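Undergrad: Below is the sequence, then the predicted model.
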Amino acid sequence: MSKEENISVLLDEKRVFKPREEFVVQTNVKQWMDKHGIKNADELYEKADNWEWFWEEISKELVEWYEPYSKVVEWNPPYVKWFIGAKYNIVHDALDRHAHSWRKNKVAYIFEGEPGDVKKLTYYDLYIEVNKLANSLKKLGVKKGDRVAIYMPMIPELPIAMLACAKIGAIHSVVFSGFSALAFRDRVNDCEAKVVITCDGFWRRGRKVYLKEQTDVALEDAPSVEHVIVCKRTGDGVPWTPGRDVWWHDLVFDASKECETERLDANDPLFFLYTSGTTGKPKGIIHAHGGYAVGTAYTLKWVFDMKDTDVWWCAADIGWITGHSYIVYAPLILGATSVIYEGAPNYPEPDRWWQIIEKYNVTLLYTSPTSIRLFMKYGEEWVKKHDLSSLRLLGSVGEPINPEAWIWYYKHIGNERCQIMDTWWQTETGHFIISPLPITPLKPGSATKPLPGLAADVYNEQGEPVQNAGGNLVLTHPWPGMLRGIYKNPERYEKTYWSKFKNVYLAGDVARKDEDGYFWVQGRADDVLNVSGHRIGNSEVESALVSHPLVAEAAVIGKPHSLKGEAITAYVVLKKDAAPSEELRKELREHVGNEMGKIARPDEIWFVNDLPKTRSGKIMRRVIRSKALGQDVGDISTLANPEAVKEIARAK
Ligand code: WTA
């Protein structure tokens, strides 16, 4: 069979992968069903449709309130509150109670740096480090409700910093360390951070990234920032602003090891996390303590069947929601042991990950389709060099997983033994929404169904549920980890998620529901790109391009890419006095890198004289994309400049 035939067969993959019975009987979900006298999966989903009852039951097993709630949920569309009246702090569950239980000396994090250095932190170690930093933050004047911006790589001090903020009721806003200085600046200013926590630098693909220097550039124009806490990672000298900057190790040196956890309202904000939307400005998604704790812990416990004997590796970056929820909060609440790896997956060789799994006996692996495709490219020879028999379950997130990658993952990583949990969710949802349980028969490429207690559907443009047809993915009732809004922008919150259909959350994805009720998520419906599982707004890249002095206009589209899912393709109109050249192309690419971060640099930049627009001047990305991909562009007679469509084909 040729490669093409092979792929088309796989796209028609109709096999259903049933979980092994001996695995099913030992799962957390099966045990919960037995305890509640529930005989089968259908009955479980049905029972959980009574979602207020369900979340009450689930929360009892996962979290400890300081003071009980009076009501499970209050839904005043489009705003929700969970566990009304409860006094709570997520750090109590994530840390305090473990530090005073048998888990005290259990390893919470196994950290491996890219150069190979290893550090293990027990729950008690983590507790002490968090307390010391929390006390130090207080000393710097940080109070409940203040924002702390965190710009750090994948080192254990990152979760420590997040937990220290949460402990005293401050709100953390973590910015992915791969974002540029300017992108960091925008986010610091939007949330008006009082303190920034960063580090000298970190390792990436054998080279050092100088993060403190980037931080300094960001803070040239960030008036709210009073102090910068700098953690030592590489040990290199760093630029220093006396009075503002302080070394983490100096700051915590004589800080007390005990720090009382602030008793908050369960609905107080825990963090902001910026994500891309359809405008040039990222939105600060707000998450709150109580509901988020219940939702994240529940999903990890049930979907990945997390047990005390597991070694969990969520190979995402903590700078994204996946890392917030499934490297920091959920695994800590469940008292798990997690792996944190600092560096690149293929450094120094393409088997670094398999080495890590073998070395630490990782039992649960959670990653993205992009990474799987990268490893596929290197070939299974690299995998075969290692014993991966410790693995029990595998997971995928961030983008639709193509059946070919699914099968490869299943066969070569899971040895046809481990089920694959394809989890659909978003920054806004806080935790998995559509996902199999380890008892669910799987269809490669489908994230299966909304988990018990959660609800999704596919609506046509009229807001009617549709089956076996593409439509808008919606969530039809609130969920515990639901976002609480967009920071300082309630209008955008209402417009983005709640204006298309009344009281129903619009996810922004296109999906299809099949005859068995399985969901097939096809990609974004709005103008958001998904590059290697990272969300990047088309208009953010366009704004970055037009901020270059020689660019007049820009349109950015995504082209299908075999590795990254989508590749960023830009069409650029230059100002009159500028001429296209190879150098300028390179310069524009770097310019976007500086404005946003390397991940947003376009793969292709094309120069054109004009861009197709509507009469009101809106650039028609849809038309550009169709033309660029050689598809039918549809009716373009209503455009202000239909001849510009030809420009796309002629682009150089
Ligand atoms: C996409 C990442 C298909 C989707 C957790 C969503 C997926 C966006 C899947 C959110 C999946 C995430 N199958 N598509 N299993 N998981 N997506 O906010 O388009 O970075 O809307 O959260 O990723 O990206 P975000």
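TA: Perfect, thanks for sending it. Since this is a predicted model, take the numbers as computed values, not measurements.

Undergrad: Where does the prediction get shaky in this protein?
TA: 1-12 (pLDDT under 70).

Undergrad: now with 80?
TA: Scanning the chain for pLDDT under 80 picks out 1-13, 278-280, 526, 616-617, 652.

Undergrad: List, one by one, the residues from it near the ligand.
TA: Residues of the chain lying close to the ligand (C-beta under 6 Å from any ligand atom) are 275, 320-322, 397-400, 422-427, 447, 507-509, 521, 524, 530, 535. Where you see a C-beta, it was placed from the backbone N, CA and C, and this is true even at glycine.

Undergrad: Which of the residues you listed fall in helices?
TA: Ile321, Thr322 (DSSP state H).

Undergrad: so where's the longest helix in this structure?
TA: helix 123-139.

Undergrad: quick one: contacts for the residue lying farthest from the centre of the chain?
TA: What lies farthest from the middle of the chain is Asp577; by C-alpha atoms, centre = their mean that is 41.7 Å. Residues in contact with Asp577, defined by C-beta atoms under 8 Å, 6 or more residues apart in numbering, are Leu550.

Undergrad: quick one: the helices in the stretch 201-350 of the chain?
TA: 211-219, 248-252, 289-303, 321-323, 330-333 (DSSP state H, counting those that start in this stretch).

Undergrad: Tabulate the ones you listed (TSV), appending mean neighbour count.
TA: TSV is the format used below for the helices of the stretch 201-350 of the chain (neighbours: other C-beta atoms under 10 Å):
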stretch	mean neighbour count
helix 211-219	21
helix 248-252	17
helix 289-303	28
helix 321-323	24
helix 330-333	27
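
Undergrad: Switch those over to JSON lines; also include distance to Trp408.
TA: Compiled in JSON lines, the helices of the stretch 201-350 of the chain are given as follows (distance: least, C-beta to C-beta, whole Å):
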{"stretch": "helix 211-219", "distance to Trp408": "35"}
{"stretch": "helix 248-252", "distance to Trp408": "42"}
{"stretch": "helix 289-303", "distance to Trp408": "21"}
{"stretch": "helix 321-323", "distance to Trp408": "21"}
{"stretch": "helix 330-333", "distance to Trp408": "26"}
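
Undergrad: doesn't Gly280 make contact with Glu540?
TA: Yes: Glu540 lies in contact with Gly280 (C-beta atoms under 8 Å); the separation is 5.3 Å.

Undergrad: who has more neighbours, these two?
TA: Each of Glu540 and Gly280 has its neighbours counted (other C-beta atoms under 10 Å); Glu540 has more, 27 against 17.

Undergrad: Just read off the phi/psi values of the more buried one.
TA: Dihedral pair for Glu540: phi -70, psi -40, per degrees, to the nearest 10.

Undergrad: What residues does it make contact with?
TA: Ser276, Gly280, Lys281, Pro282, Met596, Ala600.

Undergrad: same deal with Gly565?
TA: Per C-beta under 8 Å, 6+ apart, neighbours of Gly565: Pro369, Thr370, Glu399, Pro400, Asn530, Val531, Ser532, Gly533.

Undergrad: what sits opposite it in the beta ladder?
TA: Per DSSP bridges, the residues bridged to Gly565 are His561.

Undergrad: what's the spacing between Ser224 and Val246?
TA: Distance of Ser224 to Val246, computed by C-beta to C-beta, to the nearest Å: 17 Å.

Undergrad: helix, strand or coil for the residue of the stretch 51-200 of the chain found nearest the ligand?
TA: As assessed by C-beta to the nearest ligand atom, the ligand sits closest to Phe176 within the stretch 51-200 of the chain, at 10.4 Å. Per DSSP: H, G, I helix; E, B strand; the rest coil, the secondary structure class of Phe176 is coil.

Undergrad: show me what contacts the closest residue to it other than its chain neighbours?
TA: Once flanking residues are discounted, Phe176 sits nearest to Gly319: 3.0 Å by C-beta to C-beta, 6 or more residues apart in numbering. Neighbour list for Gly319: Val174, Val175, Phe176, Ser177, Gly178, Phe179 [criterion: C-beta under 8 Å, 6+ apart].

Undergrad: From what I see, Ile642 and Ile636 are in contact.
TA: Residue 642: Pro, not Ile. Yes: counting by C-beta under 8 Å, Pro642 touches Ile636, with 4.7 Å between them.

Undergrad: Backbone dihedrals for the residue of the stretch 51-200 of the chain closest to the ligand, please?
TA: According to degrees, to the nearest 10, Phe176 has phi -50, psi 130.
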